[in-house]
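Chemist: Here you go, sequence then predicted model.
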Amino acid sequence: MQREHKSRMLKTFKSFMQKKQKEVIREKTIKKEQTVLPIIERKTGRLIREEEYGQKAIYFLYHHFIGRVLLKMIFARPYLSLFRGLYYNSLLAKKDNAPCL
């Protein structure tokens, strides 16, 4: 009697874990599909999936624990914005900025 109960519990646990694993895989594929934006090329009408610049870094900063810590402790501080502003106002940034047409 007790062996049957244990084997039944083991079977339900295994099926539960398989379902969870399938759900995790499904969620990961959905997240990947959502992060890449589809673009329709006007001339050909073809659908293109193009990644944005810095998309992986932004995903890391907002969806991982270490990324959130870095975001709060380093990147979301006024001094970083101040240094970035000083850099863009200097002559060093002149070569990085393309002239507007």
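Modeler: Good, I have the coordinates. Numbering: from 1, shown residues only.

Chemist: Using CSV, write out every CA atom in stretch 38-55.
Modeler: Below are the C-alpha coordinates for stretch 38-55, written out as CSV (Å, rounded to 0.1, in the frame of the first residue of the first chain):
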residue,chain,number,x,y,z
PRO,A,38,9.5,43.0,-36.7
ILE,A,39,10.0,45.5,-39.4
ILE,A,40,8.3,45.5,-42.9
GLU,A,41,10.6,46.5,-45.7
ARG,A,42,8.5,48.8,-47.9
LYS,A,43,10.1,48.0,-51.3
THR,A,44,9.8,44.2,-51.1
GLY,A,45,7.2,43.8,-48.4
ARG,A,46,9.5,41.4,-46.6
LEU,A,47,9.3,41.0,-42.8
ILE,A,48,12.7,41.6,-41.1
ARG,A,49,13.5,41.0,-37.5
GLU,A,50,16.1,43.6,-36.3
GLU,A,51,17.7,43.9,-32.9
GLU,A,52,18.0,47.2,-31.3
TYR,A,53,21.4,48.6,-30.3
GLY,A,54,22.2,47.7,-26.7
GLN,A,55,19.1,45.5,-26.3
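
Chemist: Which helix or strand lies directly C-terminal to the helix or strand that contains residue 25?
Modeler: Using DSSP states H and E, residue 25 falls within helix 2-35. Following helix 2-35 in sequence order, the next helix or strand is strand 37-40 (DSSP H and E).

Chemist: counting contacts, what elements does the following helix or strand past that next one pack onto?
Modeler: Note on strand 37-40: by DSSP H and E, the next helix or strand toward the C-terminus is strand 47-50. Using 3 or more CB pairs under 8 Å, 6 or more residues apart in numbering; DSSP states H and E, the elements in contact with strand 47-50 are strand 37-40. Every residue, glycine included, has its C-beta placed from N, CA and C.
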